[in-house]
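**Student:** Fold the following and give me the result.
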Amino acid sequence: MQSYLARQPVLNRDKATVGYELLFRDGPNNCFPNVEDEQATNRLLADNFFTYNAAQVTAGKKAFVNFPHSSLIQRIPLMFSKQSFVIEVLESCEPNDELLEAVIELHQKGYTLALDDFVPHAVWNRFLPYIHIIKFDIRVTPIAKASFFIRHHKDKSNKLLFLAEKVETHEEFIDARDAGFDLFQGYFFSRPEMIQRKALTPSALTTLRLFQEISQTDVNFDKVESIIATDVSLSYKMLRHVNNMKSTQAKPVTSFKQALVYLGEERLRRFITFVATAHAMEKKPASLYSLSLQRAHLCERLGKQVTPAIAGNQAFLTGLFSLLDSILDQPIEELINLLPLSEEIKQALVNQTGQLGLILLLMEAYDTANWENVSRFSKELAINETSVADLYLESVKWTTLFEQQQQSN
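**Tutor:** Below you'll find the predicted structure:
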């Protein structure tokens, strides 16, 4: 399944790019999708802030992301680092007390907020002390009218920045700049640019099982851990998400148990609900996911056969993430560097070195029936070839049984 994204640069008065507005697309035609605002926002965030490093899309600059009323009331932005993006409050948001409370909380916690497609009205006045950027669509609010508002509010405060949207000619850029606008966006600079990548989505059945667990009064973290550990998508997203939330000085979270403890019940429920909502109707390449799960189990079992034995969690993660490049159509080194994995796991996945790397080479040889290499790598690992065959069949049966159990739940 593909993930589609459009981006349009935001420029300053010197025409230097300072950020990109990210726009969800549901196909390669670069047109606005026929989905609700909340689903569009959730999909964009899930595909580009959980799965990937959004800084790769924005070249390290600010991402401008639209948030509808419901997402702001649910405090969805709090799931992400305040350095990740500029929160654009959509023009369709009702300026009620609920929205004001959310805006104040986000402002107090250090998030950057913008009012999108702003049309001056008294009902928005109480929001302005908590806003950093005001965006005017100059097709709706002419530059002259916006200029009056800008002069009035720049006299009161120097902290507000003003962004002119839909700037289509050089003359409009000059007029907007002279009117006091600080930032600019529109076809004069660049049309939205399409970016297509492979989306990573959790199994609907896995999600359903997780929903059942988090619906309990007291969440059973052991059960949740066992479910997440067998889904490559959720495993990857959770470790990325938790480590993005933590301080850069803090020790990285490297296991599912640590991630669950760090999140706690409330944030765990929010994470699972969010990811499930974003991908409620999506499918995934079942064969690759099954093979990832099979490799995780086999890698864990083979890790116990070598001397000294490899920790089960480390071996399981190595096998689980060994096909990420095929699943996402992205270089494995880019994906793995986004996760706080041990150097041994990274070297195994990227360069097939070390004991874990040899185990991966052994598994690949067995998958392709390259019996000469099976014999070679078995000898290097000091593992009996008969044991490898037995463990391989055991992993195939274990994966099949697990999938049958999922389907019956």
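**Student:** H297 is in contact with S395, isn't it?
**Tutor:** Yes - between H297 and S395 a contact is recorded at 4.5 Å, counting by CB atoms under 8 Å. The C-beta positions use only the backbone N, C-alpha and C, and glycine is treated the same way.
**Student:** distance between stretch 90-100 and the chain's centre?
**Tutor:** On the basis of CA atoms, centre = their mean, to the nearest Å, the separation between the geometric centre of stretch 90-100 and that of its chain is 26 Å.
**Student:** With only the CA atoms kept, save it in CSV.
**Tutor:** Coordinates of the C-alpha atoms in stretch 90-100 are reproduced here as CSV (Å, rounded to 0.1, in the frame of the first residue of the first chain):
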residue,chain,number,x,y,z
LEU,A,90,-8.4,25.0,10.3
GLU,A,91,-10.8,27.7,9.3
SER,A,92,-13.7,25.2,9.8
CYS,A,93,-13.0,25.1,13.6
GLU,A,94,-15.7,26.5,15.8
PRO,A,95,-14.1,29.2,18.1
ASN,A,96,-15.8,27.9,21.2
ASP,A,97,-14.6,27.4,24.8
GLU,A,98,-13.4,23.9,24.1
LEU,A,99,-11.2,25.0,21.3
LEU,A,100,-9.8,27.9,23.3
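**Student:** what's the average pLDDT for the helix or strand containing F316?
**Tutor:** For F316, the element it lies in under DSSP states H and E is helix 312-320. Model confidence over helix 312-320 averages 82 on the pLDDT scale.
**Student:** Contacts for it, please.
**Tutor:** 229, 232, 235, 255, 292-293, 295-300, 302-304, 341-342, 344-345, 348-349, 356, 359-360, 363 (CB atoms under 8 Å, 6 or more residues apart in numbering).
**Student:** Centre of the chain to that helix, how far?
**Tutor:** Relative to the centre of its chain, helix 312-320 is centred 22 Å away, using CA atoms, centre = their mean.
**Student:** Tell me which residues of it come out buried.
**Tutor:** Under the neighbour-count criterion of 16 or more other CB atoms under 10 Å, helix 312-320 has N313, Q314, A315, F316, L317, T318, G319, L320 buried.
**Student:** which one among those gets closest to V140?
**Tutor:** Nearest to V140 among the buried residues of helix 312-320 is L320, at 49.5 Å by CB to CB.
**Student:** Not counting its neighbours along the chain, what's nearest that closest one?
**Tutor:** Across the structure, with CB to CB, 6 or more residues apart in numbering as the measure, the residue nearest L320 apart from its sequence neighbours is A296 (3.9 Å).
**Student:** contacting residues around the helix or strand hosting the one you found?
**Tutor:** Secondary structure here is read from DSSP H and E; on that basis A296 sits in helix 286-303. Contact with helix 286-303 is made by 203, 230-233, 309-312, 314-323, 326-327, 355-356, 359-360, 362-363, 367, 381, 383, 388, 391-392, 394-396, 398-399, 402-403, as judged by CB under 8 Å, 6+ apart.
**Student:** Give me the buried subset of the residues you listed.
**Tutor:** Applying 16+ other CB under 10 Å to the contacts of helix 286-303, the neighbour count classes 203, 230-233, 310, 314-323, 327, 355-356, 359-360, 362-363, 381, 383, 388, 391-392, 395, 398-399, 403 as buried.
**Student:** for this structure, what's the longest strand?
**Tutor:** As far as residue count goes, and with DSSP state E defining each element, the longest strand of the chain is strand 2-12.
**Student:** what's the offset of that strand from the middle of its chain?
**Tutor:** Taking CA atoms, centre = their mean, the mean C-alpha location of strand 2-12 is offset from the chain mean by 15 Å.
**Student:** ditto for stretch 111-128
**Tutor:** With CA atoms, centre = their mean as the basis, stretch 111-128 stands 28 Å off its chain's centre.
**Student:** I'd like the average pLDDT over that stretch.
**Tutor:** When the per-residue pLDDT values of stretch 111-128 are averaged, the result is 96.
**Student:** what about it, how long is it end to end?
**Tutor:** With CA to CA, to the nearest Å as the measure, the ends of stretch 111-128 fall 14 Å from one another.
**Student:** Quick one: find the helix or strand in this structure with the lowest mean pLDDT.
**Tutor:** Least confident helix or strand of the chain, by mean pLDDT, DSSP states H and E, is strand 193-198 with a mean of 60.
**Student:** Pull out the buried positions in the helix holding A296.
**Tutor:** Of the residues in helix 286-303, those buried under the neighbour-count criterion (16+ other CB under 10 Å) are 289, 291-303.
**Student:** for stretch 148-165, same thing?
**Tutor:** Neighbour-count burial for stretch 148-165 [16+ other CB under 10 Å]: F149, I150, H153, L160, L161, F162, L163, A164, E165.
**Student:** Please name the spatially closest residue to the fourth one (chain neighbours excluded).
**Tutor:** Spatial nearest neighbour of L160, excluding adjacent residues (CB to CB, 6+ apart): H153 at 5.7 Å.
**Student:** Equivalent analysis for the last one, please.
**Tutor:** Spatial nearest neighbour of E165, chain neighbours left out: D137 (4.7 Å); criterion: CB to CB, 6+ apart.
**Student:** related to what we said a few turns ago, can you dump the C-alpha atoms of the longest strand of the chain in PDB for me?
**Tutor:** Extracted C-alpha coordinates of strand 2-12, given in PDB (Å, rounded to 0.1, in the frame of the first residue of the first chain):
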ATOM      1  CA  GLN A   2       1.300   3.400  -0.900                       C
ATOM      2  CA  SER A   3       1.400   6.600   1.200                       C
ATOM      3  CA  TYR A   4       0.900   9.900  -0.700                       C
ATOM      4  CA  LEU A   5       1.900  13.300   0.500                       C
ATOM      5  CA  ALA A   6       2.000  16.700  -1.100                       C
ATOM      6  CA  ARG A   7       4.200  19.500   0.200                       C
ATOM      7  CA  GLN A   8       4.300  23.200  -0.600                       C
ATOM      8  CA  PRO A   9       7.100  25.500   0.600                       C
ATOM      9  CA  VAL A  10       6.600  28.400   3.000                       C
ATOM     10  CA  LEU A  11       9.100  31.200   2.200                       C
ATOM     11  CA  ASN A  12      10.200  34.300   4.100                       C
END
